[in-house]
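Novice: What shape does this take:
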Amino acid sequence: MKEVLGHVCDAERIFAYRALRISRADATPLESFEQDDYVRNGPFADRLLSDLVEDFIAVRRATLSLLRNLDEAAWMRRGIASNNEVTVRALAYMIAGHELHHRRILEDKYFAAPRDDPPCHRAH
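Specialist: Model prediction:
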C-alpha cells in the first residue's frame, strides 16, 4: 500500500509539473520517467502510512491550486511529454484517472468485502 501511495504522489507531482510548464507555453519537450525506478528508489516502506497520506493531501492541494488558477487559454495549450502531444486539460484528466485507477486497485486488493458469503448474509 505504501509503495502504491508513494507512486501516486510521485506521478501526480510529475504530471502537475508538466501541466505547469505547458500551461505557461513552455515548448520544451518533457522527458518520460520510469515509474518502477521511482518506486524502487523511493523510501516508501520506511515511512509511516499516515505520513504518506499527509503527503498525498499536500500534493493534491497543490495540484488543485495550480489547476484552479489556470486561464481558459492555458487549458488548451499543447506540449510534448513522453514523446506524445498532450494538452494541459488532458494532463488534468490523467492526474484524476491515475489516482482513481490505483484507488480501485487498493480497494480490490486490501479493502474489498468478502465475496464468498451467501447473498442473504450480505448487507443491503
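Novice: and A16, how far is that from E72?
Specialist: A16 sits 19 Å away from E72, taking Cβ to Cβ, to the nearest Å as the criterion. Heads up, the C-betas are built off the backbone N, CA and C, glycines and all.
Novice: Of the two, which one has the most company?
Specialist: Taking other Cβ atoms under 10 Å, A16 and E72 do not tie; A16 has more neighbours (21 against 6).
Novice: Now do the same contact list for the more buried one.
Specialist: Neighbouring residues of A16 by Cβ atoms under 8 Å, 6 or more residues apart in numbering: 59, 62-63, 66, 91, 95.
Novice: who's in contact with L70?
Specialist: Applying Cβ under 8 Å, 6+ apart to L70 gives the contacts 23, 88.
Novice: three-state assignment of it?
Specialist: Assigned with DSSP: H, G, I helix; E, B strand; the rest coil, L70 falls in the coil class.
Novice: what does E85 give?
Specialist: When classified by three-state DSSP, E85 comes out as strand.
Novice: Excluding residues flanking it in the chain, which one is nearest it?
Specialist: R78 (5.6 Å; Cβ to Cβ, 6 or more residues apart in numbering).
Novice: what does R47 give?
Specialist: K2 (6.5 Å).
Novice: Show me the residue sitting in the middle of the protein in space.
Specialist: By Cα atoms, centre = their mean, the chain has its centre lying nearest to E12, at 3.8 Å.
Novice: ok so, going back, what's the local residue count around the residue nearest to R47?
Specialist: K2 has 17 nearby residues by other Cβ under 10 Å.
Novice: Over to F15?
Specialist: The number of residues packed near F15 is 21, by other Cβ under 10 Å.
Novice: buried sites along the helix or strand containing it?
Specialist: Assessed by DSSP states H and E, F15 sits inside helix 2-23. Buried residues in helix 2-23, defined by neighbour count with 16 or more other Cβ atoms under 10 Å: 2, 4-16, 18-23.
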